[in-house]
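Student: Sequence first, predicted model second:
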Amino acid sequence: MNRPHWIPAASLLALALLAGCSGGHDEHAAHAPAASGAAPAQTAPAQAEAGIAVRDAWIRLPPPGAPVAGGYMTLHNGGPQDDRLLALRTSVADHVEIHEMRMEDEVMKMRELTDGLPLPVGQDVVLAPGGLHLMFMQPVADLQTLQQAEVTLVFEQAGERTVRFRIGADAGGDGHAHAAH
């Protein structure tokens, strides 16, 4: 790997490893839309329509000037068929990638899931520090001042869903879902 590519790769790995080392839980403010949404996806009727429920969506606040920010959530496929999270869009980062971390030959490795994230029927898929996660690439400079961000999730079967992600130092939240309005 030549040096220009090595430095960003090392930065991404370091950020992902740091994200996996911390955890925590704090209280999430009431359900006011202006409050953050460590949680994320719509009300019960909207969840039933699309079949995908989203909970506990949050973006870890990166150090100022960091080239990436980690994102996490829990997805539940309550629909009639397997689905797949294909892509994400947001105005708070240049682009968003879906990644996994796993041990291979006693070495932690991270890779982008270029074919998307499988969502089997009836199962939770947890994106959390140290495992499956989102990488918000080149986050906006004012991410430090935001409490939440709208992120559009693109599913193979369920279509698009815009979700509020809470922005903070740790997971926080109460597990409730919030729809973007």
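Tutor: Alright, I've got the coordinates.
Student: Give the residue spans of the protein that score low on pLDDT.
Tutor: Where the chain drops to pLDDT under 70, the residues are 1-50, 171-181.
Student: The longest strand seen in it - contacts with which helices or strands?
Tutor: The single longest strand within the chain, with elements called by DSSP state E, is strand 93-104. In terms of contacts (3 or more Cβ pairs under 8 Å, 6 or more residues apart in numbering; DSSP states H and E), strand 93-104 is packed against helix 3-21, strand 83-90, strand 107-112, strand 133-139. Glycine gets a C-beta too; all of them are placed from N, C-alpha and C.
Student: again, 7 Å this time
Tutor: Strand 93-104 is packed against strand 83-90, strand 107-112, strand 133-139, with contacts defined by 3 or more Cβ pairs under 7 Å, 6 or more residues apart in numbering; DSSP states H and E.
Student: Can I get those strands in CSV including mean neighbour count and distance to Arg166?
Tutor: Listed next are those as CSV, based on neighbours: other Cβ atoms under 10 Å; distance: least, Cβ to Cβ, whole Å:
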stretch, mean neighbour count, distance to Arg166
strand 83-90, 19, 13
strand 107-112, 12, 23
strand 133-139, 22, 13
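Student: Identify all contacting residues around the longest strand of the chain.
Tutor: With contact meaning Cβ atoms under 7 Å, 6 or more residues apart in numbering, strand 93-104 is reached by 16, 20, 85, 88, 90, 108-113, 116-117, 130-140.
Student: Leaving out sequence neighbours, find the closest residue to Gly131.
Tutor: Met101 (5.9 Å; Cβ to Cβ, 6 or more residues apart in numbering).
Student: Between its first and last residues, how far does stretch 81-100 reach?
Tutor: In stretch 81-100, first residue to last residue: 23 Å (Cα to Cα, to the nearest Å).
Student: What of stretch 57-71?
Tutor: Stretch 57-71: ends 7 Å apart by Cα to Cα.
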